[in-house]
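Asker: below is the structure, and that's it, no one-letter string:
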């Protein structure tokens with residue numbers, strides 16, 4: 001198996017739905033919205049096993065100083081293959097001249113991001129307003 005990485009903003013609803021639901025993310029139930037979201041992100045890198053989308057990272061940025069990782073997901077059947085690390089490395093390379101690359105990580109994901117060079121902030125807390133689509 002050879003994983004191929006590319007930079008595209010065009011995905012089928014099915015590919016996105018399958019990937020997002022593989023990690024049990026509720027946004028996978030809205031594949032038509034995900035298709036539009038992918039087109040709107042500044043940076044999208046994806047990982048493919050043949051025709052199968054197996055990993056994805058999406059970044060928003062202000063064009064000069066700050067970049068924000070919004071999505072990073074890898075199909076659990078492909079965990080341990082360093083796909084997530086490769087996607088993060090692509091982002092770090094692209095944004096190497098920026099002041100900051102930020103990510104909001106859940107506690108059980110923090111170790112992964114720390115291994116990728118991120119540092120947990122001592123003086124900040126993530127805050128959310130979540131709206132459920134009907």
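Answerer: Noted; the coordinates are in hand. It should be emphasised that the depicted structure is a prediction, and the values quoted were computed from it without experimental measurement. Numbers count the residues shown, from 1 in each chain.
Asker: what residues of the lengthiest helix in the chain count as buried?
Answerer: Secondary structure of the chain per DSSP state H: the longest helix is helix 83-94. Going by neighbour count (16 or more other C-beta atoms under 10 Å), the buried part of helix 83-94 is 83, 84, 86, 87, 88, 89, 90, 91, 94. Where C-beta positions appear, they are placed from N, C-alpha and C, glycine not excepted.
Asker: do stretch 48-56 as well
Answerer: Buried residues in stretch 48-56 (16+ other C-beta under 10 Å): 48, 49, 53, 54, 55, 56.
Asker: ok, so of these, who is nearest residue 111?
Answerer: residue 55 (18.3 Å; C-beta to C-beta).
Asker: tell me where the protein has strands.
Answerer: Using DSSP state E, the strands of the chain run over 3-6, 43-49, 52-61, 66-74, 100-103.
Asker: and the fourth one, what does it pack onto?
Answerer: When you say that, I think you mean strand 66-74. Helices and strands touching strand 66-74, by 3 or more C-beta pairs under 8 Å, 6 or more residues apart in numbering; DSSP states H and E, are helix 13-22, strand 52-61, helix 83-94, strand 100-103.
Asker: in CSV: those, plus mean pLDDT and distance to residue 126.
Answerer: Conversion of these to CSV gives the following (pLDDT from 0 to 100; distance: least, C-beta to C-beta, whole Å):
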stretch, mean pLDDT, distance to residue 126
helix 13-22, 98, 20
strand 52-61, 97, 15
helix 83-94, 96, 18
strand 100-103, 91, 10
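Asker: for these, give me TSV that also has distance to residue 36.
Answerer: Listed next are the helices and strands packed on strand 66-74 as TSV, based on distance: least, C-beta to C-beta, whole Å:
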stretch	distance to residue 36
helix 13-22	10
strand 52-61	12
helix 83-94	21
strand 100-103	22
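Asker: between those, which one is closest to residue 37.
Answerer: Among the helices and strands packed on strand 66-74, strand 52-61 comes nearest to residue 37, with 7.7 Å by C-beta to C-beta.
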